[in-house]
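Visitor: coords below, sequence missing:
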């Protein structure tokens, strides 16, 4: 019997820009990771181990070992559980994308098939990603917007001067 487990990564940035918390993932800042797993199989999943690799485009790899508890048929869990003092915290060590790859084994040597978007996940397929930016990317983007607004304002003032 093959266990079918849906897996999802939920990441929350701890970065601050201009002294305010941001949802963006910034190079050099840390972030929390939570994994949501749901048993889509025909019977209870009795527990096991999962190995998640977080691969950055720069070539750096973080490995995260997880102890997966029992998940009842149709049940859903979070690792680590909500409001748990134990957290998975990683630092954004590369610019670009960080991809999540994983595999899972059961305590009783049964096979496990990971599922994402209702489809079986191939062996080397990613089940999640985050985009990591630098502070310069952020500042450049908003500088461009401010410059465009200033240009529009100048054009409107020039047209008004010609009319009046």
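Guide: Nice, thanks for sending it over. What you see is a predicted model, and the numbers here were worked out from it, not measured in a lab.
Visitor: list the buried ones in stretch 118-125?
Guide: For stretch 118-125, burial by neighbour count (16 or more other C-beta atoms under 10 Å) applies to residue 121. Yep, even glycine has a C-beta here, placed from its N, CA and C like the rest.
Visitor: meant to ask about stretch 96-116, not that
Guide: Neighbour counts using 16+ other C-beta under 10 Å place 98, 99, 100, 101, 102, 104, 106, 112, 114, 115, 116 of stretch 96-116 among the buried residues.
Visitor: now swap in stretch 47-58 and tell me
Guide: Taking 16+ other C-beta under 10 Å as the basis for neighbour counts, the residues of stretch 47-58 that come out buried are 48, 50, 52, 54, 55, 56.
Visitor: ditto for stretch 79-98
Guide: Those would be 79, 80, 88, 92, 95, 98, for stretch 79-98 by 16+ other C-beta under 10 Å.
Visitor: that older thread, nearest to residue 62 among the buried residues of stretch 47-58?
Guide: Taking C-beta to C-beta as the measure, residue 62 sits nearest to residue 54 out of these, at 4.2 Å.
Visitor: quick check: mean pLDDT across stretch 31-48?
Guide: If you average the pLDDT over stretch 31-48, you get 92.
Visitor: roughly how far out does that stretch sit from the chain middle?
Guide: Between the centre of stretch 31-48 and the centre of its host chain there is 17 Å, according to C-alpha atoms, centre = their mean, to the nearest Å.
Visitor: related to what we said a few turns ago, tell me which of the buried residues of stretch 47-58 fall in helices.
Guide: Residues from the buried residues of stretch 47-58 lying in helices, with DSSP state H as the criterion: none.
Visitor: just the ones of those residues in strands?
Guide: Mapping the buried residues of stretch 47-58 onto strands (DSSP state E) picks out 48, 50, 52, 54, 55, 56.
Visitor: ok, the least confident helix or strand in the chain by mean pLDDT: who's next to it in the sheet?
Guide: Taking mean pLDDT, DSSP states H and E as the measure, strand 16-17 is the helix or strand of the chain with the lowest mean score, a mean of 84. Sheet pairing for strand 16-17, assigned by DSSP bridges, gives strand 20-21 (antiparallel).
Visitor: give me the contact list for the strand it pairs with.
Guide: When contacts are defined by C-beta atoms under 8 Å, 6 or more residues apart in numbering, strand 20-21 is touched by residues 13, 14, 15.
Visitor: can you check stretch 127-139 too?
Guide: Where contact means C-beta under 8 Å, 6+ apart, the residues beyond stretch 127-139 that reach it are 7-9, 11, 17, 24-27, 31, 56, 92, 94-102, 114, 116, 121.
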